[in-house]
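**Q** What follows is a predicted structure for the sequence shown.
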Amino acid sequence: MRLLFRFRLVLFYIRSMNIIIDNINTDLIYFNKPIPNKIIHNSNFIRLGYSNHLMNLNSICIQVHLFGLSSSLFSNKIKCILNNPQNIITLQNLITLEKKILSLYSSKKKAIFDIHDKLIHKINFAVSHYKSQHFANKFTQLPANKTFILNISGIWEDYNSFGLTFKFID
């Protein structure tokens, strides 16, 4: 599947600059050499890249619009629960992208579809929150309709399986 791409520039609290890709051309995705994973023991992390004649990115950031959310605070993240059928097309597009990226990575191990499992089966996901270091004291419900950034940074791989490394950012 060949997708066109267009860019929007987003500044994240002057810490970093990200280009958000609305429609991704998966032919422009590449993988770096595996390095030891610092999060999952006895596994590797393979950084994902996206490159064309204009730029070279070390992750893919996608704007995700979701409707009918309910939210609660746990640990240092916000747990969002999807309650609205309006999200089906968005979720299907994310699942298709996950399957396409994992199919590009050549491995005979079992692919684990974490985006699919978290968004379809559990119908919830956690969001990293960067607006305030002390947001837990000030947390209120998120708006029912919200835009998040899905940051896909690479692939994790252990002895038996592999999957995407990603997070939702508020």
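**A** Here it is on my side, so go on.
**Q** Residue 42 and residue 111: what is the separation?
**A** Counting by C-beta to C-beta, to the nearest Å, the gap between residue 42 and residue 111 amounts to 18 Å. Every residue, glycine included, has its C-beta placed from N, CA and C.
**Q** ok, these two, which is more surrounded?
**A** residue 111 (17 against 8; other C-beta atoms under 10 Å).
**Q** now that one: how far from residue 34?
**A** Distance from residue 111 to residue 34, by C-beta to C-beta: 16 Å.
**Q** quick one, what contacts the residue nearest to residue 42 when sequence neighbours are not counted?
**A** Nearest residue to residue 42, sequence neighbours excluded (C-beta to C-beta, 6 or more residues apart in numbering): residue 158, at 6.2 Å. Residues counted as contacts of residue 158 (C-beta atoms under 8 Å, 6 or more residues apart in numbering) are 40, 42, 43, 44, 109.
**Q** Could you give the number of residues near the last one?
**A** Read that as residue 109. The tally of other residues near residue 109 (other C-beta under 10 Å) stands at 13.
**Q** Could you pull out the strands in this structure for me?
**A** With DSSP state E as the criterion, the chain has strands at 7-12, 16-21, 29-31, 35-36, 44-51, 56-57, 60-66, 69-74, 77-82, 110-111, 124-128, 146-157, 161-169.
**Q** Residue 99 is nearest to which of those?
**A** strand 110-111 (8.0 Å; C-beta to C-beta).
**Q** for the protein, longest helix please?
**A** For the chain, the longest helix by residue count, based on DSSP state H, is helix 88-104.
**Q** tell me the angle of that one relative to strand 44-51?
**A** 110 degrees (axes from the mean of the first three to the mean of the last three C-alpha atoms, to 10 degrees).
**Q** quick one: average pLDDT of helix 88-104?
**A** What helix 88-104 shows for mean pLDDT is 90.
**Q** helices or strands up against that helix?
**A** On a contact count with 3 or more C-beta pairs under 8 Å, 6 or more residues apart in numbering; DSSP states H and E, helix 88-104 meets strand 29-31, strand 60-66, helix 114-116, strand 146-157, strand 161-169.
**Q** now with 7 Å?
**A** For helix 88-104, the packing partners by 3 or more C-beta pairs under 7 Å, 6 or more residues apart in numbering; DSSP states H and E come out as strand 60-66, helix 114-116, strand 161-169.
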